[in-house]
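**Student:** Build the 3D model from these lines:
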Amino acid sequence: MCEHCVVADGPLTRMRGLLGRAELPAGEGLLLRPAGSIHTHFMRFPIDALFLDRDLRVLDVRNTVRPWRMARKRGARAVLELHAGEAERRGVKVGDVLRLGDRESGGV
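**Tutor:** Residues are numbered from 1 along each chain as shown. Prediction:
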């Protein structure tokens, strides 16, 4: 899904998210957990958001969430934020199961 993924699993890293970044390059992602919702307030670019359950199964895909929007999915336990258009480009669909790789194998 993404070759370089930052896991934001602490309160500060989740709160900061992608704020302050000029972009989220293709191939990079931010995994927020726990999280069932996101917002793009104060962001400068759109993102794709994959809402995931405990097992990292895709519950919903929101393509091109523009700045100053909110999105949520009931039952989601994590959200993977990607470069806008990345989910469609990679053919992600509801029901797909993601896995976390280690640094050597790369990404999610």
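**Student:** what about residue 89, how many neighbours?
**Tutor:** Neighbourhood size, residue 89 [other C-beta atoms under 10 Å]: 11. From N, CA and C alone the C-beta is placed, and that goes for glycine too.
**Student:** and if you look at the one 10 residues further on?
**Tutor:** Residue neighbour count, defined by other C-beta under 10 Å, stands at 10 for residue 99.
**Student:** Next: residue 17.
**Tutor:** Residues contacting residue 17 under the criterion other C-beta under 10 Å number 21.
**Student:** residues touching it, list them.
**Tutor:** With contact set as C-beta atoms under 8 Å, 6 or more residues apart in numbering, residue 17 has these partners: 8, 30, 32, 38, 81.
**Student:** Could you report the distance from residue 91 to residue 1?
**Tutor:** For residue 91, the distance to residue 1 under the criterion C-beta to C-beta, to the nearest Å works out to 10 Å.
**Student:** contacting residues around the longest strand along the chain?
**Tutor:** Using DSSP state E, we find that the single longest strand of the chain is strand 58-65. Applying C-beta under 8 Å, 6+ apart, the set of residues contacting strand 58-65 from outside is 38, 40, 46-53, 71, 73, 75-76, 84-85, 87-88, 92-98.
**Student:** Noted, bye for now.
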